[in-house]
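Asker: Here is the input, now give the coordinates:
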Amino acid sequence: MAQRRLAAILFSDIVDYNALLKRDEKKAFEARKNSQRIHKRLLKKFHGRWLKEMESGILASFQSNIDAVMCAISIQKAAEDAGISIRIGIHQGDVIFESRDVLGNGVNVAARIQSVANTHGITISETVYNDVKNKEGLEFITTGEQTLKGVKKPVEVYKVHWNTDYPFDFSIDTGELTRPLQFKKTPLVAGIFLIAIIFYTVYFFVLRQDNEQSEPDKSVLVLPFDNFIGTDTLDFLVAGMHDALIGNIGKISALRVKSTTTSRAYKNVEKTIPEIASELGVNVVVEGSVLCVGDSICLRVQMVDPANGEQLWVEDYYEERGQILNLYNRITKEITDEINIGLKPEEEQQLAESRTVDPDAYDAYIQGKLYLDRINPQSLQLAKEYFNKAIAIDPDWGPPYGGLAEVAAYEMQIFAVEPSNAVLRIYPNLSKALELDPNSANSHYLKAVIGVWTEFDWEKGEREFKKALELNPSDALCRVFYSHLLMILRRKEEALYHGQQAIKLDPRRPLVLGLYGTVLNFTGEYEAGLELAQGALAVEPNHLFAMSTLANAYEGMGNYQGWFEIMNPRFFWNSDSVMKRNEKIFEEEGFLGVINERIRVNLEVLKNGGRISYHGQAQRYLRVGDYEKAMDCFEKAFEIRDPNVPYVSAVLFRFPELKDNKRYVDFLRKLDLPLP
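Answerer: Model prediction:
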């Protein structure tokens, strides 16, 4: 279905590609292949959308002009390092998106102005220039008005120059496509790889335990809000309002609300409401439209019949922006009244509470949340800046402090900062968030995560998980991490129950699928783990965590060829030469040969002053049967407070012979974990 909207269009092209093709066909195709690799990697990094390739040119779109320009800079740096000459043009205009294509004058302008650029050059239209001209570290030189083929009016074109010594809010990509993977140099991939090693999965549906509460009769889906404001620049606010209402409705214990991620999967899909409701098994469907945003907000909310899509109830809301938190409470209360849900006294009290918030602080917080969800070093830095901005504007509002605590926790998880530095920011911000809002489910959830994976305090972790789920029983991420704690405590049936509930709440989120997959793999149900991983990859084909889940399922099933095809190119190496050597080792020595090679490489990394996952190294030693060295690594992981230490208990599922290892049993005793 065609959609018209404002977008930044990037068009890049390899300089003199046709001449190179005639002169050296092999070299031309290699340049084209490397150009594709560079673009795909960096478009993902800067939130761009690959639209199509046209001979040696690549067409992409961005929601943000600054993302488009900074992505172009990184592409040029990477291309130059790879010996590829590329020109790039960027223009923002009203274009029509149709499937994987984009049409309109904006596309033509972007394609034409790239021809004005020098080799390794970037040119932008005046529209883009006006949006990015104040970005520090960038300089612009006008080429004057250009008459472009197929464009009616002359276009003012600017050349972009950048200061390589300037500390941008992200590192310009070096373009080293063949750099070996080291934790010190690639924190994001290393962090995901580390998590992948510790999270193994099994997926099968079990009957609910007798001591669990029966599931609520009402299951709710809040479809993504429509933006009828008239500008895409406030899409972040519309998305944030949608997320906030889901979180608010999720606090009602008699309801189960599908998560934001799963809801957003149905944005702009050509499916009817009955089809969507049937897929998700919901019996309450809510739609929303944001009609205006200024000093006040205009919002229309309606409930539709999941059986036939007919409107059951509709209400228009007009509220001052400072009252937006109270507006969510009001909408939640009216929805529960409409579907005849009885509220607990404490829920009635929460919905009756009044809290105003500065609109600018709220906007900054919403933008911080959106960047937080991307979980990479650059996005976390931006999230931190927005949360700090919100606090500076409204220091008595709790959520931004919780956001800062989450930023620090994620930075620790992906090895962007040392754990000792992270906790210095986690504790004061988390304490402040709870001081200002003791009933914040998210803060209690984060407190549980810190209790388990930083403090190794299992009782505190379980207490806080239960409190968080009491406040928001529809929090899928909270449930799946609670499932991990229960797995660590080797309470298998409870772990499976909460993991299954998480999947029901958020069946389209690859992270949730992968996390539950780790629980399932740990308990040996590899085929079910495989099914989960494949489901996650169907949603997001390049999701690293889902790929690690799939690889671990293959390993558990004894399908080492499947394991190797994923792990060799994706996680072990970025170097083509090392990958080829690895292939030779696998061919000659098999699975254990590759594991021994990884052990050797990690020892070399340590020798050269790099960082590795000691927990991951311990698991490799377990695979090759060297339990003493495995225990040495587990001890080292504990010494440095590696957040993966708790999973030492769960490895017993896979290596039952450890129950007779005195060092292992003593280690469990030291951690106060269940003994074999």
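
Asker: C-alpha from now on. contacts and neighbour counts both.
Answerer: Fine.

Asker: burial of K27, as a residue count?
Answerer: 12 (other Cα atoms under 10 Å).

Asker: how near is it to G230?
Answerer: For K27, the distance to G230 equals 48 Å [Cα to Cα, to the nearest Å].

Asker: same question, I246
Answerer: Here the criterion is Cα to Cα. By it, I246 lies 24 Å from G230.

Asker: Neighbour count: those two, which is higher?
Answerer: Relative neighbour count places I246 above the other of I246 and G230, with 24 against 12, counting by other Cα under 10 Å.

Asker: Make sure I have this right: that one is in a helix.
Answerer: Yes - counting by DSSP: H, G, I helix; E, B strand; the rest coil, one finds I246 located in a helix.

Asker: show me what contacts it?
Answerer: Under the criterion of Cα atoms under 8 Å, 6 or more residues apart in numbering, the contact partners of I246 comprise 222, 257-260.

Asker: how near is it to I252?
Answerer: Per Cα to Cα, I246 is found 11 Å from I252.

Asker: Select the helix or strand of this structure having the lowest average pLDDT value.
Answerer: Of the helices and strands making up the chain, the lowest-confidence element is helix 187-198, at a mean of 42, by mean pLDDT, DSSP states H and E.

Asker: tell me what whichever helix or strand comes after that one is packed against?
Answerer: Going down the chain from helix 187-198, the next helix or strand is strand 218-222, by DSSP states H and E. Applying 3 or more Cα pairs under 8 Å, 6 or more residues apart in numbering; DSSP states H and E, one finds that strand 218-222 makes contact with strand 255-257, strand 284-293.

Asker: any idea how this structure splits into domains?
Answerer: 3-162, 239-352, 362-473 (automatic domain parsing).

Asker: and the first one, what's its mean pLDDT?
Answerer: When you say that, I think you mean domain 3-162. Domain 3-162 shows a mean pLDDT of 84 in the predicted model.

Asker: ranges for the strands of the stretch 301-450 of the chain?
Answerer: In the stretch 301-450 of the chain, strands defined by DSSP state E, counting those that start in this stretch lie at 311-320, listed in chain order.

Asker: shaky segments in this protein?
Answerer: For the chain, applying pLDDT under 70 flags the ranges 1-3, 98-101, 166-215, 415, 569-575.

Asker: and the longest helix for it?
Answerer: With residue count as the measure and DSSP state H as the assignment, the chain has helix 576-607 as its longest helix.

Asker: Could you tell me which other helices and strands it packs against?
Answerer: Where contact means 3+ Cα pairs under 8 Å, 6+ apart, helix 576-607 is packed against helix 614-623.

Asker: Can you check what angle separates the helix it packs on from helix 576-607?
Answerer: Counting by axes from the mean of the first three to the mean of the last three Cα atoms, to 10 degrees, helix 614-623 points 110 degrees away from the direction of helix 576-607.

Asker: For helix 614-623, name the packing helices and strands.
Answerer: Under the contact criterion of 3+ Cα pairs under 8 Å, 6+ apart, the helices and strands touching helix 614-623 comprise helix 187-198, helix 576-607, helix 627-639.

Asker: Buried deepest among those helices, which one?
Answerer: With neighbours taken as mean count of other Cα atoms under 10 Å, these reach their highest mean count in helix 187-198, at a mean of 22.

Asker: can you confirm A538 is in a helix?
Answerer: Yes - secondary structure of A538, determined by three-state DSSP: located in a helix.

Asker: Please point out which parts of stretch 289-299 sit buried.
Answerer: By 16 or more other Cα atoms under 10 Å, the buried positions in stretch 289-299 come out as 289-291, 293, 296-299.

Asker: could the residues you listed be laid out in TSV, adding distance to A533?
Answerer: What follows is the buried residues of stretch 289-299, written out as TSV (distance: Cα to Cα, whole Å):
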residue	distance to A533
S289	34
V290	36
L291	39
V293	40
S296	44
I297	41
C298	41
L299	38
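
Asker: what's the burial count for the residue lying closest to W563 once chain neighbours are set aside?
Answerer: On the basis of Cα to Cα, 6 or more residues apart in numbering, the spatially nearest residue to W563 that is not a chain neighbour turns out to be A551, at 4.6 Å. Burial of A551, expressed as a neighbour count using other Cα under 10 Å, amounts to 27.

Asker: tell me the contacts of the closest residue to G398 other than its chain neighbours?
Answerer: Closest residue in space to G398, ignoring its immediate chain neighbours: A433 at 4.4 Å, by Cα to Cα, 6+ apart. The contact partners of A433, by Cα under 8 Å, 6+ apart, come to 397-402, 443.

Asker: Mind doing that once more with 6 Å?
Answerer: For A433, the residues meeting the contact criterion (Cα atoms under 6 Å, 6 or more residues apart in numbering) are 398, 401-402.

Asker: quick one, phi/psi of the residue most central in space within the chain?
Answerer: Among the residues of the chain, the smallest C-alpha distance to the mean C-alpha position (Cα atoms, centre = their mean) belongs to R374, namely 3.9 Å. With angles defined as degrees, to the nearest 10, R374 shows backbone torsions of phi -80, psi -20.

Asker: What separation do you get for the nearest residue in space to it that is not next to it in sequence and L404?
Answerer: Of all residues beyond its chain neighbours, the one nearest R374 is L380 (7.8 Å), with distances taken as Cα to Cα, 6+ apart. To L404, L380 is 9 Å away according to Cα to Cα.

Asker: And for E353?
Answerer: Applying Cα to Cα, one obtains 25 Å for the distance of E353 from L404.

Asker: just F387 next, same as before
Answerer: 6 Å.
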